[in-house]
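**Q** Dropping the sequence and predicted coords here.
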Amino acid sequence: MIRLKDIAQEAGVSVMTVSKALREKQDVSPSTRERICSIARRMGYVPNAAAQGLRNRHTRLLGVVIPAPTDPIYARVIFAIEEMAHELGYDLLLAHTLGQPGREETVLRRLISRNVDGILISPVWRLDQQAPIYEELQRRGTPVVILGHRAPFCAAFASVETDDLSASASVTRHLVELGHRRIAFFAGPQISATAQERLDGYRRALREAGIPLDDRLVFSAGSTIEEGAAATLQFMQENPGATAIQAVNDLVAIGAAETFLGQRVRIPTDLSLAGFGNVLVSEYYRVPLTTVRQPKLRLGSVAMETLVRVMKGERPGAKRLSAELVIRQSTSAPTSLEPNTTPP
């Protein structure tokens with residue numbers, strides 16, 4: 001391993017001069033600084049980040065905590081976070097909670113032990129009003145930004161989120177404008193603030209259109225393709241007379257579409273279907289999916305900008321970003337008042 005002492009000996013200067021030159025201190029002349037840096041590069045010198053962190057109390061490390069690497073929403077969000085972090089000279093430590101509160105606490109404690117300069121967290125949702133690990137982060141003064149909607153247990157932190165209420169309402173209004181009056185909603189987990197806001201947006205748009213709310217049209221569908229398929233089987237068994245379905249996200253919508261198409265239910269001829277999120281597969285699915293385009297890159301960049309502000313001691317609140325309705329081939333005007341969900 002190349003040491004400062006080795007570079008000093010090669011350059012014919014003191015170790016202190018080498019240290020100052022590599023830290024770009026102004027009391028070293030530009031020519032000497034460039035000569036020392038050139039020697040360091042030629043010798044393959046790599047600074048010890050851990051040692052630097054002990055000196056200046058900054059590790060240049062940021063934690064990013066998300067549910068799972070398979071969640072398609074986070075791929076572009078993390079891309080934007082990493083791009084900006086790289087430009088600012090930070091490295092990322094990525095951790096996955098798998099939706100488990102216990103695992104979330106473990107990975108957050110590991111990030112604390114690594115003395116990260118800040119953490120971006122997509123929380124594990126729970127019904128509890130408080131969560132000890134979030135209280136500890138607050139006591140420590142750890143800079144934290146929530147990726148998504150805040151719940152009571154993490155309300156003290158800044159957040160960056162999509163305006164899911166307005167975006168979900170825009171999907172419902174689109175279906176109403178096509179002529180649908182009985183619109184089913186495949187809802188996400190009740191403990192998720194994101195899923196609840198999308199359900200609220202659906203209900204708001206129905207009320208604005210003067211369409212009575214009918215709880216028989218709301219189905220618990222979770223958040224995955226498999227859960228979307230299971231909700232579809234229940235929908236077909238109960239046959240609530242809906243001509244359109246609005247799903248909490250694209251994965252649930254695709255699980256529904258696969259089940260309907262497998263039963264020879266035509267989309268959108270027999271039944272219109274819309275999702276939320278605009279994950280990559282939604283555009284290239286065999287019936288391209290009407291959905292909401294979440295601003296994933298912007299969510300990541302704004303989250304990083306917000307975290308930088310928090311690390312500077314500022315106290316930003318919640319930042320809500322608008323999302324855009326994308327109309328594709330999975331929705332159309334109803335061909336009849338009753339959907340054809342029975343195989344021919």
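**A** Sure thing, it's come through.
**Q** Disregarding residues adjacent in the polypeptide, which is nearest to Arg173?
**A** Ala205 (4.9 Å; C-beta to C-beta, 6 or more residues apart in numbering). (C-beta placed from N, C-alpha, C; glycine too.)
**Q** who's in contact with the one you found?
**A** Ala205 makes contacts with 168-173, 176, as judged by C-beta atoms under 8 Å, 6 or more residues apart in numbering.
**Q** Just name the closest of those residues to Ala195, please.
**A** Closest approach to Ala195 among those (C-beta to C-beta): Ser168, at 9.9 Å.
**Q** Helices of the stretch 201-344 of the chain, start to end?
**A** 225-238, 250-262, 280-284, 296-311 (DSSP state H, counting those that start in this stretch).
**Q** scratch that, the stretch 1-150 of the chain is what I was asking about
**A** 4-11, 15-22, 30-43, 49-56, 73-88, 101-113, 132-140.
**Q** Let me know which of those helices is the nearest to Ser272.
**A** It's helix 73-88; of those, that one is closest to Ser272 (C-beta to C-beta) at 23.3 Å.
**Q** Work out the gap between that closest one and the centre of the chain.
**A** 11 Å (C-alpha atoms, centre = their mean, to the nearest Å).
**Q** ok, now stretch 62-70?
**A** That offset, for stretch 62-70, works out to 9 Å (C-alpha atoms, centre = their mean).
**Q** which residues touch that stretch?
**A** Taking C-beta under 8 Å, 6+ apart as the rule, stretch 62-70 contacts 74, 78, 81, 85, 90-99, 104, 107-108, 111, 114, 116-122, 124, 147, 307.
**Q** quick one: least confident helix or strand in this structure?
**A** Here the helix or strand of the chain ranked lowest by mean pLDDT, DSSP states H and E is helix 49-56, holding a mean of 52.
**Q** Pro295: what's it in contact with?
**A** Contacts of Pro295 by C-beta under 8 Å, 6+ apart are 162, 321-324.
**Q** Would you list the buried entries among those residues?
**A** Buried by 16 or more other C-beta atoms under 10 Å: 162, 323, out of these.
**Q** got the contacts of Pro295 as TSV, with pLDDT and distance to Tyr134 columns?
**A** Converted to TSV, the contacts of Pro295 look like this (pLDDT from 0 to 100; distance: C-beta to C-beta, whole Å):
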residue	pLDDT	distance to Tyr134
Thr162	95	21
Leu321	96	23
Ser322	95	28
Ala323	96	27
Glu324	96	32
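**Q** need the contacts of Pro295 in TSV with distance to Val46, can you?
**A** As requested, the contacts of Pro295 are arranged in TSV below (distance: C-beta to C-beta, whole Å):
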residue	distance to Val46
Thr162	40
Leu321	39
Ser322	44
Ala323	43
Glu324	45
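**Q** and the gap between the closest residue to Glu238 other than its chain neighbours and Leu206?
**A** The shortest distance from Glu238 to any non-neighbouring residue, by C-beta to C-beta, 6+ apart, is to Arg216 (7.4 Å). According to C-beta to C-beta, to the nearest Å, Arg216 and Leu206 sit 13 Å apart.
**Q** Which parts of the stretch 101-250 of the chain are strands?
**A** With DSSP state E, counting those that start in this stretch as the criterion, the stretch 101-250 of the chain has strands at 118-121, 144-147, 158-162, 183-187, 218-220, 244-247.
**Q** So which bits of the fifth one are buried?
**A** It refers to strand 218-220. Under 16+ other C-beta under 10 Å, the buried positions of strand 218-220 are 218-219.
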